[in-house]
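Trainee: model this:
(4 chains)
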Protein chains: 2
Amino acid sequence: MTSRAGNPAPRAKRADARHNAERLATVARNAFAEHGADASLIDIARRAGVSSGTLYRHFPTRAALLAAVYRSEIEALGNLAAELHDSAEPLPALATWLRAFSEYTTTCRGLKGLVAAIDTDTQNALTSWWYATLLPAATSLLERAQRTGVVRDDVTTHQVLRLVNAVALAHEQAGLDDDQTGPLLNLIIDGLRAHRDFAE
Amino acid sequence: MTSRAGNPAPRAKRADARHNAERLATVARNAFAEHGADASLIDIARRAGVSSGTLYRHFPTRAALLAAVYRSEIEALGNLAAELHDSAEPLPALATWLRAFSEYTTTCRGLKGLVAAIDTDTQNALTSWWYATLLPAATSLLERAQRTGVVRDDVTTHQVLRLVNAVALAHEQAGLDDDQTGPLLNLIIDGLRAHRDFAE
DNA sequence: ACCTGAACACCGTTCAAGT
DNA sequence: ACCTGAACACCGTTCAAGT
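Mentor: Below you'll find the model as predicted:
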């Protein structure tokens, strides 16, 4: 049964390996919070008390580490999308989700780096669980709003995520100060709405 | 007369120094075009046939090099703003300028890094000529549009520049493909317009 | 006045050698 | 199966020593 399962047999890790992976993840979470998604990997390994080789063994890529660190946040965003899809009107649902998404990436700085990897790493992203969680979540809300006619239909999910993430990224490196991101998010959501007249 | 001028005496450089600075700038322009604003400085020096120390002597900071490389583009944007201020209605003037700004930063990849430095480097930016060119240009158009009531008044010039630049940045690292930036810019400009009703 | 090149302090990534 | 630590190939930045 185990060997015939669809998933390629998770294959329980050895105790020490599991411990190292966990420790790396928690150290990484702090490091990302402090230095952003570009935090030094070598420093993370050092602070976790393991060699750099061990970090690479567990997390072959930076995106893999980021995804592991922010697993629960990503899943929460996935669930939120499902809830909003059932409980709110198309436009408010999308708006609320985008605001939540923005809050998450602002609170968890590293998350922005992962979202940005959607474009950088498309090859790997396509086969990763976090991509399979986040993209359909956003897509379901966006496309519904577009079908209903309340949101312009010339934008894709990729573009919207990119846009909101870009705002968060720009804000991050601007020296986070206060939550000045509100007005810009309102601007974006307003811009998303289907427009009748357009100034040229 | 020369020594009593307001500017701190440009003080003609020695011929070799001037030649090195020019060569560095042209090499840098290529490097930035190829690798973006993060292009390796050491590589630029190498390709220009000078030592890294020489690069630092002429351009003590990355932003200084970027500003030197994109001098004409920055001035062109300044002039364009003045023209549009006189020749076009508030909203179209702002929209056109933002589109031009976006085109410039897309064509000259490194320009995005300079604009981003407005936030990173505020200290130095405040005293730099490019800042004194770009910011007033954008501000004059934005504030006029706000006074006229056609653009929402809860955004600052900083925010708008940041936003447009962020879109360009995100688009750059997404693998430039085609000019997919059009729809997003339209979205932003649309969002900038003063809104009567707002969906929450 | 200007330039060179070494020096310092950092990276990411891989891979033989160990347990 | 997992880990270590050295090795390789890169950075940015500074500064004595030269011309």
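Trainee: burial count for the residue nearest to A:Thr96 when sequence neighbours are not counted?
Mentor: Nearest residue to A:Thr96 in three dimensions, chain neighbours excluded: A:Leu84, at 5.9 Å (CB to CB, 6 or more residues apart in numbering or on different chains). No exception for glycine: its C-beta is placed from N, CA and C like everyone else's. Residues near A:Leu84, counting by other CB atoms under 10 Å in any protein chain shown, number 21.
Trainee: what's the answer for A:Asp86, then?
Mentor: Counted with other CB under 10 Å, A:Asp86 comes out at 7.
Trainee: quick check: which element contains it?
Mentor: helix A:71-87 (DSSP states H and E).
Trainee: may I have stretch A:117-130 as PDB, with CA atoms only?
Mentor: Provided in PDB are the C-alpha atoms of stretch A:117-130 (Å, rounded to 0.1, in the frame of the first residue of the first chain):
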ATOM      1  CA  ALA A 117       9.800  33.500  -8.000                       C
ATOM      2  CA  ILE A 118       6.600  32.700  -9.800                       C
ATOM      3  CA  ASP A 119       8.000  34.700 -12.700                       C
ATOM      4  CA  THR A 120      11.700  34.000 -12.100                       C
ATOM      5  CA  ASP A 121      11.500  30.300 -11.600                       C
ATOM      6  CA  THR A 122       8.400  29.500 -13.700                       C
ATOM      7  CA  GLN A 123       9.800  26.000 -14.500                       C
ATOM      8  CA  ASN A 124      10.100  25.000 -10.900                       C
ATOM      9  CA  ALA A 125       7.100  26.900  -9.700                       C
ATOM     10  CA  LEU A 126       4.800  25.000 -12.000                       C
ATOM     11  CA  THR A 127       5.400  21.800 -10.100                       C
ATOM     12  CA  SER A 128       5.400  23.200  -6.600                       C
ATOM     13  CA  TRP A 129       2.700  22.900  -4.000                       C
ATOM     14  CA  TRP A 130       2.700  26.500  -3.000                       C
END
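Trainee: now stretch A:12-25: buried residues?
Mentor: A:Asn20, A:Ala21, A:Leu24, A:Ala25 (16 or more other CB atoms under 10 Å in any protein chain shown).
Trainee: what pLDDT, on average, does it get?
Mentor: In this model, stretch A:12-25 has a mean pLDDT of 91.
Trainee: now swap in stretch A:87-102 and tell me
Mentor: The average pLDDT within stretch A:87-102 is 98.
Trainee: dump the buried residues of stretch A:12-25 to a markdown table, plus secondary structure and distance to DNA strand D.
Mentor: Shown next, in a markdown table, are these (DSSP: H, G, I helix; E, B strand; the rest coil; distance: CB to the nearest atom of the strand, whole Å):
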| residue | secondary structure | distance to DNA strand D |
| --- | --- | --- |
| A:Asn20 | helix | 4 |
| A:Ala21 | helix | 7 |
| A:Leu24 | helix | 9 |
| A:Ala25 | helix | 13 |
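Trainee: using TSV, please lay out these together with distance to B:Val115.
Mentor: Putting those into TSV (distance: CB to CB, whole Å) gives the following:
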residue	distance to B:Val115
A:Asn20	42
A:Ala21	40
A:Leu24	36
A:Ala25	35
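Trainee: which strand or helix spans the residue in chain A positioned nearest to DNA strand D?
Mentor: Using CB to the nearest atom of the strand, the single residue of chain A nearest to DNA strand D is A:Gly53, 2.5 Å away. Per DSSP H and E, A:Gly53 falls inside helix A:52-58.
Trainee: so which elements touch the following helix or strand past that helix?
Mentor: Toward the C-terminal end, the helix or strand that comes next after helix A:52-58 (DSSP H and E) is helix A:62-69. Judged by 3 or more CB pairs under 8 Å, 6 or more residues apart in numbering or on different chains; DSSP states H and E, helix A:62-69 is in contact with helix A:15-35, helix A:41-48, helix A:109-120.
Trainee: one step back: got the CA coordinates for the helix holding A:Gly53 in CSV?
Mentor: Provided in CSV are the C-alpha atoms of helix A:52-58 (Å, rounded to 0.1, in the frame of the first residue of the first chain):
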residue,chain,number,x,y,z
SER,A,52,25.9,24.8,4.3
GLY,A,53,25.8,21.4,2.7
THR,A,54,23.1,20.3,5.1
LEU,A,55,20.9,23.3,4.2
TYR,A,56,21.2,22.5,0.5
ARG,A,57,20.4,18.9,1.2
HIS,A,58,17.1,19.8,2.8
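Trainee: quick one, what contacts the residue nearest to A:Thr96?
Mentor: A:Ala93, A:Leu94, A:Thr96, A:Trp97, A:Leu141 (CB atoms under 8 Å, 6 or more residues apart in numbering or on different chains).
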